[in-house]
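*Asks:* Build the 3D model from these lines:
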Amino acid sequence: MRSLLLAAAAAVALSAATPAFALGDPQSEARSALGACISAIADDAPVPDQIKGDFVEIRREREPETCTVTVTGGEPAAVRASVLDGLAKRKERFAPAKTRWDAGAFASREAFCNMPAGRAFNVIVSTAKPGEPLVLTATVLETQERDTRCDRDAGLQKPAPGS
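*Replies:* Numbers count the residues shown, from 1 in each chain. Here you go, the predicted structure:
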């Protein structure tokens, strides 16, 4: 039932510029949801403030403007691989930042930056250790200027408390 509601909400809410929200498995849902989040931030696509699927939830915040995908199903490495595959295929040409991030309680925490251009987008992907209820989170944001850590190694970074 949630899949049907999600599909209906996605069909109404997402414009042609936004990728369809795939249903059925955590990897597809996560990849599609991340595409919707990137379109929301980069293209101002009309993505609602919250969409909840079987395995994935999208949350948009307005101050600061971010869009976060939370995945609660699937195997972490497979979901991560699907999300990274989706990032690699984006027109913004996302690539891993040169600076590494402390994973904290996660198995990994990675920052991705779009290629240098007029606008600066970042995607932070945190992948859980196997067996955790939260499998992956990915947050998309735009910064006023390109983060220097995209292009140079600034040493291991620690996220802000609560991140």
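
*Asks:* Residue 42 falls within a helix, correct?
*Replies:* Yes. The assignment for residue 42 is a helix, going by DSSP: H, G, I helix; E, B strand; the rest coil.

*Asks:* ranges for the strands of the protein?
*Replies:* 50-52, 56-62, 65-71, 95-96, 108-113, 120-127, 136-143 (DSSP state E).

*Asks:* Which among those is found nearest to residue 156?
*Replies:* strand 108-113 (10.6 Å; Cβ to Cβ). Heads up, the C-betas are built off the backbone N, CA and C, glycines and all.

*Asks:* Would you quantify the distance from residue 54 to residue 46?
*Replies:* Counting by Cβ to Cβ, to the nearest Å, the gap between residue 54 and residue 46 amounts to 22 Å.

*Asks:* should've said residue 62
*Replies:* Residue 62 sits at a distance of 14 Å from residue 46 (criterion: Cβ to Cβ).

*Asks:* so where's this structure shaky on pLDDT?
*Replies:* Along the chain, the parts satisfying pLDDT under 70 run over 1-23, 162-163.

*Asks:* residue ranges of the helices in it, please?
*Replies:* Assignment of helices within the chain using DSSP state H yields the ranges 2-13, 26-43, 76-88.

*Asks:* How far away from the center of its chain is the longest one?
*Replies:* Using Cα atoms, centre = their mean, to the nearest Å, we find the averaged C-alpha position of helix 26-43 to lie 6 Å away from the chain's own average C-alpha position.

*Asks:* Check which residues of it are buried.
*Replies:* Of the residues in helix 26-43, 26-42 count as buried by neighbour count, 16 or more other Cβ atoms under 10 Å.
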